[in-house]
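Asks: Please work out how this folds:
(chains A, B, C and D)
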Number of protein chains: 4
Amino acid sequence: MGKYSHIQEEAYEANMQLPKLGLVLFTFGNVSAVDRSLGVFAIKPSGVPYEDLSPDKMVIVDFDANTVEGSFRPSSDTKTHTVLYKHWEKIGGIVHTHSTYATAWAQSQRDIPIFGTTHADYNTVDIPCAAPMSDDMIKGNYEYETGFQILNCFKDRGLSYEEVEMILVGNHAPFTWGKNAAKAVHNSAVLEFIAQTSLLTEQINPSAPRLKDSIRQKHYERKHGPDSYYGQA
Amino acid sequence: MGKYSHIQEEAYEANMQLPKLGLVLFTFGNVSAVDRSLGVFAIKPSGVPYEDLSPDKMVIVDFDANTVEGSFRPSSDTKTHTVLYKHWEKIGGIVHTHSTYATAWAQSQRDIPIFGTTHADYNTVDIPCAAPMSDDMIKGNYEYETGFQILNCFKDRGLSYEEVEMILVGNHAPFTWGKNAAKAVHNSAVLEFIAQTSLLTEQINPSAPRLKDSIRQKHYERKHGPDSYYGQA
Amino acid sequence: MGKYSHIQEEAYEANMQLPKLGLVLFTFGNVSAVDRSLGVFAIKPSGVPYEDLSPDKMVIVDFDANTVEGSFRPSSDTKTHTVLYKHWEKIGGIVHTHSTYATAWAQSQRDIPIFGTTHADYNTVDIPCAAPMSDDMIKGNYEYETGFQILNCFKDRGLSYEEVEMILVGNHAPFTWGKNAAKAVHNSAVLEFIAQTSLLTEQINPSAPRLKDSIRQKHYERKHGPDSYYGQA
Amino acid sequence: MGKYSHIQEEAYEANMQLPKLGLVLFTFGNVSAVDRSLGVFAIKPSGVPYEDLSPDKMVIVDFDANTVEGSFRPSSDTKTHTVLYKHWEKIGGIVHTHSTYATAWAQSQRDIPIFGTTHADYNTVDIPCAAPMSDDMIKGNYEYETGFQILNCFKDRGLSYEEVEMILVGNHAPFTWGKNAAKAVHNSAVLEFIAQTSLLTEQINPSAPRLKDSIRQKHYERKHGPDSYYGQA
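Replies: As a prediction, this is how the structure comes out:
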């Protein structure tokens, strides 16, 4: 058992959930799991098919994007993960996918409006879509800047990464996170569900109203509030 | 064999049909089965994944929402089930899901128009969408009031719960019921089918007419009428 | 081996293809296979789940809709099959489903426009949608009249049932046929594919033109013409 | 081991991926694999179901469309493959499917706009849709002319077949290619994904802008440029 095998195992299990949940085609996705005491995270190697993965192939990377252990090149999105781990100190796992409906919203450069209680069970705002990056950011350190594009979007809108665990990057695709890798994957599947049902809602009723404040608050508190009564204690 | 094992088994089997029929993501759904002579029903525990369920984990609850037997917390929607069992004396099972298309119609706050004979085989009216609750109801006993929102919608529209075994709750998602839990699950799958085909019908022909009265009546009688000749005698 | 076991086996195998091909929910479909020398056909019993079917449960019915052999009640659509077998002497199998996209077109009461070569490989016209029946026909012998509605639609439009092996019945759902039950099921799956891609085509380009005559003819001849070179000789 | 068994095996394996990836209904697709030193390619036999295929059933054809080895008739699209292999000297495999979304775009006679980075990872232009053929071409050697329609579309638009490995043929369906048969199949699945997400993008935001130049270039270079850092070295 290596020093990093616990996060390699966690990252591996979470990565393998992506094809099972129908969230990826080929290698269009990656999950990482962090160990903050060691200051590193385990992430999927770049371009390796899911069926060829194993825990020991997960690459160990530090918060400056240096490979600490592993014979494979880490995911091309590694620098984005690095930025999020560095600045958002309470997240334990990050997921990036190109899931169909969430990607379509990202490509459309629109926030996903909050129409229903499924959405409100997770967060009480429209799911943010960060604007495409400036040409300078793109020409520079692209994946690194993608991380800052996400951070800045949350800062500009006054959002908390602990309350809203998902974002769309304009023109690109979604990122989600959570207290651990499994929870981050869960959030990716929920985001895809919300992305699909919100589109359908607009198709059924182009003037469908957003969820009213009282319901938003109720559902949020039911799951996250001090008197939460959802799930097992 | 416990005193309640027959309804625990019935509720378990019916709950396990939800993922098989593609009606739930994660734990977004619950089924209950009632024993009216004992005055209790068995319902899915809250937030437990389907793959971890077993009949003995089904929670036994009475019509005032008190847990009678079981070590798990019952579904967060339990009070809604309670209200429906209490007021609609002939139903034996209730299902709540967030199935994709039915949820989208609920979020759009529209009734599902009756366009075809598949729909008419089940009921002869537009599938009702109850209005979102008032702020007072939401701030109060939310799930309990959801039950009354359903009862009131049926009363206001003069609908019979024995003829129309499904409803959308505005902003939220569908509920269905039936003479037993299996039939209630069957109705959830049919509702999802109707929700999808009705949307497609409007997309193909935005001015598609509702089903005319003569066909509605014929199909209904074929299945439910005194000279019914559908299925085995 | 009974006198009818060859068509019972044929009808059984064809019926079992419907859920495999994703064309039916629960029991929303039926297939029959005819033996013209014996003047009977084998058809699915009414309301029996696919997983409970076996060849010997297929009901044997004559062209006047009398049950000749079988302990189950035949499909509620049996009279429609009877009419088609009686009047269209070269068909060997019939399928009725409520497949999602074909049903949506039937509910929208529109013919499916011919947009592409996949469609043209099968027939060179818009797929006809028969008008909903008159109130008199509906109040009368409904399923029997459904058969005549189909025959009349083909007669009125000058279509050949040997060239066009599929129809939508307005407000209801599709029927397909073929030289045998397997070919009729094949046609149901193709119709569903055409129904989906035609809707998508209109969504991508609302003014998409119909396939031009020269291509229609070429593709049809490639498959059905005297110098056909599609498939094995 | 026959002289051609390496390309028969390659073509067989690639053909069997089509149903697995959900790209074909029945026999609506074919893959070929070339051996340029031998001047032949192996292609799927016409009209044979995927479950009945085996490597030895792949037909060996030369660049003038003569069958060199094999007891089956080759795919009806063989001449199109021939033209592409003859004129595009660096491709090793070709795929033709009628996959749902790509076929709908082909039927709509529209190029697929480039909206996102998934698309840009593969090519930096709208995916071209070749115009339907002229009546003369259709009446002539149809499948042969389909190949020229593809070549001419690329020539007229100044596209490189090494950079853009996919096309839609108007009214018909997609063709893709690559350095080998497996890569060509990969491209078919990616095209289907792009076709679906681009349609959804337009549905979510009818005025969604095309991807801006700086991002297109960045993503392309990330995968194909001299300093590529995507996948394993």
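
Asks: How about chain A: which residue is closest to chain D?
Replies: Chain D sits closest to residue A:47 of chain A, with a gap of 3.0 Å, by Cβ to the nearest Cβ. For glycine as for every other residue, the C-beta is placed from the backbone atoms N, C-alpha and C.

Asks: Can you show me the helices along chain A?
Replies: All helices of chain A, identified by DSSP state H, fall at A:5-20, A:78-87, A:100-108, A:117-120, A:135-139, A:142-157, A:181-204, A:213-224.

Asks: Touching the shortest one from outside, list them.
Replies: In this case it means helix A:117-120. With contacts defined as Cβ atoms under 8 Å, 6 or more residues apart in numbering or on different chains, helix A:117-120 is touched by A:112, A:114, A:127, A:190, A:193-194, A:197-198, A:211, A:215-216, A:218-220, B:28, B:98, B:103, B:171-173.

Asks: Chain B contacts on chain A?
Replies: Residues of chain A lying close to chain B (Cβ under 8 Å from any Cβ of the partner chain) are A:115-118, A:186, A:189-190, A:193, A:196-198, A:200-201, A:203-205, A:208-209, A:211-212, A:214-215, A:218, A:222, A:229-233.

Asks: Now, of these, which are buried?
Replies: A:115-118, A:186, A:189-190, A:193, A:196-198, A:200-201, A:203-205, A:208, A:211, A:214-215, A:218, A:222, A:230 (16 or more other Cβ atoms under 10 Å in any protein chain shown).

Asks: Lowest mean pLDDT across the helices of chain A, which one is that?
Replies: Ranked by mean pLDDT, the helices of chain A bottom out at helix A:213-224, which scores a mean of 81.

Asks: quick one: that one to helix B:142-157, angle?
Replies: Here helix A:213-224 runs at an angle of 140 degrees relative to helix B:142-157 (axes from the mean of the first three to the mean of the last three Cα atoms, to 10 degrees).

Asks: Nearest residue to the middle of chain A?
Replies: The C-alpha lying nearest the average C-alpha coordinate of chain A belongs to residue A:176 (Cα atoms, centre = their mean; 1.2 Å).

Asks: Skipping its backbone neighbours, what lies nearest that one in space?
Replies: Spatial nearest neighbour of residue A:176, chain neighbours left out: residue A:187 (4.0 Å); criterion: Cβ to Cβ, 6 or more residues apart in numbering or on different chains.

Asks: near chain D, which residues of chain A?
Replies: So far as Cβ under 8 Å from any Cβ goes, chain A lies against chain D at A:25-26, A:28, A:45-48, A:72-73, A:76, A:98, A:100-101, A:103-110, A:132-133, A:135, A:138-139, A:142, A:171-173, A:199, A:202-203.

Asks: One more pass at 7 Å, please.
Replies: Contact residues (Cβ under 7 Å from any Cβ of the partner chain) of chain A with chain D: A:25-26, A:28, A:46-48, A:72-73, A:76, A:98, A:100-101, A:103-110, A:132, A:135, A:138-139, A:142, A:171-172, A:199.

Asks: Mark which of the residues you listed are buried, thanks.
Replies: Neighbour-count burial (16+ other Cβ under 10 Å) applied to the residues of chain A next to chain D gives A:25, A:28, A:46, A:48, A:72-73, A:76, A:98, A:100-101, A:103-110, A:132, A:138, A:142, A:171-172, A:199.

Asks: hang on, the earlier thing: which residues touch the residue nearest to residue A:176?
Replies: A:165, A:166, A:176, A:178 (Cβ atoms under 7 Å, 6 or more residues apart in numbering or on different chains).

Asks: Of all the helices of chain A, which one comes closest to residue D:87?
Replies: Closest approach to residue D:87 among those (Cβ to Cβ): helix A:100-108, 33.8 Å.

Asks: Show me what the closest one is packed against.
Replies: When contacts are defined as 3 or more Cβ pairs under 7 Å, 6 or more residues apart in numbering or on different chains; DSSP states H and E, helix A:100-108 sits against strand A:166-169, helix A:181-204, helix D:181-204.
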